[in-house]
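Asker: Could you work out the structure for the sequence below:
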Amino acid sequence: MRELNWYAAYTRPRHERVVTTSLEGRGYQVLFPHYCVASHWADRVKQIDSPLFPGYVFVRCDPWKRLPILQTPGLLHLVSDRNGPLPVPESEVENLRRVMASRVRLEPTAFLNAGDRVCVCRGPLTGLRGILLAKLNNLRVVISVEMLARSVAVEVEGAWLEKVPPTPIFKNA
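Answerer: Below you'll find the model as predicted:
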């Protein structure tokens, strides 16, 4: 018997929970990573679950027997390349499971690497631009004053950052 891997399943917008319930009802192992967010209504604030990865759930299955999965209402396809569905590493799924089970406060954030140019999009430093520096468990943005050849590192929330696309370099022809 073939070992079952985890696969990312792409869903219709806002169908993650429906797909999860349907697949679980048919005996599949499913992971729907979500977090709690405050939704402000006119008369109250309500806590709602939102997907960490909108449009995606993870399912453990045999990719060669995926037709029943693909027939799930709201599920569009398994994330694939030209060779077929791409397995998600077991370690990444296990990390998500541990985070979900820990009940720590979590929220989605941009996929960033140390050295990326970033812009602070929320908080008191909105509009500030710099270079991302990861130091231990903290995210810091390095702000430079090139004329003085000096820099300052500012600690910020990861959710406050957005990656800034590189600026094209034009040469005179």
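Asker: in stretch 13-20, what counts as buried?
Answerer: Across stretch 13-20, burial judged by 16 or more other C-beta atoms under 10 Å covers His15, Glu16, Val18, Val19, Thr20. Just so you know, the C-beta spots here come from the backbone N, C-alpha and C atoms, and that holds for glycine as well.
Asker: same check, this time on stretch 119-128
Answerer: Neighbour counts over stretch 119-128 (16+ other C-beta under 10 Å) mark Cys119, Val120, Leu125, Leu128 as buried.
Asker: tell me which helix or strand of the protein sits lowest on mean pLDDT?
Answerer: Ranked by mean pLDDT, DSSP states H and E, the weakest helix or strand in the chain is strand 138-145, scoring a mean of 69.
Asker: Let me see the contact set for the residue lying closest to Leu52 once chain neighbours are set aside.
Answerer: Nearest non-adjacent residue to Leu52, counting by C-beta to C-beta, 6 or more residues apart in numbering: Pro33, 4.0 Å away. Pro33 makes contacts with Pro51, Leu52, Phe53, Phe58, Leu96, Val99, Met100, as judged by C-beta atoms under 8 Å, 6 or more residues apart in numbering.
Asker: so who does Ile69 touch?
Answerer: Contacts for Ile69 (C-beta under 8 Å, 6+ apart) come out as Ala9, Leu23, Tyr28, Val59, Cys61, Leu75, Leu78.
Asker: how about the residue lying closest to the last one once chain neighbours are set aside, phi and psi?
Answerer: Ranked by C-beta to C-beta, 6+ apart and with sequence neighbours excluded, the top spatial neighbour of Leu78 is Pro85, at 4.1 Å. In this entry, Pro85 is assigned phi and psi values of phi -60, psi 140 (degrees, to the nearest 10).
Asker: which residues touch Pro85?
Answerer: Per C-beta under 8 Å, 6+ apart, neighbours of Pro85: Tyr7, Pro63, Arg66, Leu78, Val79.
Asker: got it, and Leu128?
Answerer: Cys119, Val120, Val141, Ile143, Val154.
Asker: For the longest helix along the chain, name the packing helices and strands.
Answerer: Longest helix in the chain, counting residues (DSSP state H): helix 90-102. If you count contacts as 3 or more C-beta pairs under 8 Å, 6 or more residues apart in numbering; DSSP states H and E, helix 90-102 packs onto strand 5-11, strand 29-31.
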